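Q: Using only what follows, build the 3D model:
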Amino acid sequence: MKISAFSYTNRGGRDHNEDSVRCRIEGQRGVFVVADGLGGHQCGEVASALAADTLLDGCLQAETVDADALTTLFRDANAKILEQQSQPGQEGMKTTAALLCLEDDRVLRAHIGDSRVYHFSGGALASVTGDHSVTYKKYLGGEISYMDVYHDDDRSSLLRVLGKPTCQPETEAETAAPGDAFVLCSDGFWEFVYNEEMLLDLSKASSPQHWAELMLLRHIRRIPPGNDNFSLITVFVEERT
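A: Numbers count the residues shown, from 1 in each chain. Okay, here's the model as predicted:
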């Protein structure tokens, strides 16, 4: 199958961008990463770049990639961030990360924190990662609705991130078919573009870039002054001609 992709990142209303985006297709393998740094004063940018580079390079260099390999890569990234925290001014830096690896019809995804991976198939949302946040835990416990996740006061309280002694990424394996599509994004994007709108814009899109542009038009109308950094990667899987 043929893989095509488009990536975009923006500092939004902040003075610098702590998101890191990586997007690479080599041969039959496509690897995509979005990491959202935490810590301020550019330290978050260091953590997200360390994570994104480690995950991208590890996936591209591995002979085969499976769920165990992704878990190991996340732990390698975590170890590098913990080591870097010994540098002055970088003690508190952390990052979320979402990774998608496509090869033939195999889909592997992993995430930690609240950066997301969406999988669309057959004209519907097939799956989306669950945030590692207090807000998402409240949703799973029935305290709030799914739509409340977008606005709940605890949505920035993260339970799992890279940069803590314990690293627990969540991994999942799926299959892809021609016509499938994916979005990876940071919370600065998904908080303002809903699942149904992503699907609607996908139905109109002629390419990954076109799809991203349609969704960004929605996003720009809704973001408040001083909004967070926001990043996304859009991916199409098509029949190879």
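
Q: Sketch out the strands for the protein, chain order is fine.
A: With strands called from DSSP state E, the chain shows them at 2-10, 19-26, 29-38, 94-95, 97-103, 106-112, 116-121, 124-128, 170-175, 181-185, 230-238.

Q: Could you check the angle the fifth one makes with strand 29-38?
A: Spelled out, that is strand 97-103. If you take axes from the mean of the first three to the mean of the last three CA atoms, to 10 degrees, strand 97-103 sits at 180 degrees to strand 29-38.

Q: okay if I get the strands of the chain as a markdown table plus distance to D152, mean pLDDT and mean neighbour count?
A: C-beta: built from backbone N, CA, C; applies to glycine. Conversion of the strands of the chain to a markdown table gives the following (distance: least, CB to CB, whole Å; pLDDT from 0 to 100; neighbours: other CB atoms under 10 Å):
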| stretch | distance to D152 | mean pLDDT | mean neighbour count |
| --- | --- | --- | --- |
| strand 2-10 | 24 | 96 | 18 |
| strand 19-26 | 22 | 96 | 20 |
| strand 29-38 | 18 | 96 | 27 |
| strand 94-95 | 21 | 96 | 28 |
| strand 97-103 | 20 | 97 | 26 |
| strand 106-112 | 19 | 97 | 23 |
| strand 116-121 | 16 | 98 | 22 |
| strand 124-128 | 17 | 97 | 14 |
| strand 170-175 | 20 | 95 | 14 |
| strand 181-185 | 18 | 98 | 27 |
| strand 230-238 | 19 | 96 | 25 |
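
Q: now those strands in a markdown table, with distance to D201?
A: As requested, these are arranged in a markdown table below (distance: least, CB to CB, whole Å):
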| stretch | distance to D201 |
| --- | --- |
| strand 2-10 | 13 |
| strand 19-26 | 19 |
| strand 29-38 | 18 |
| strand 94-95 | 28 |
| strand 97-103 | 19 |
| strand 106-112 | 21 |
| strand 116-121 | 10 |
| strand 124-128 | 13 |
| strand 170-175 | 22 |
| strand 181-185 | 10 |
| strand 230-238 | 10 |
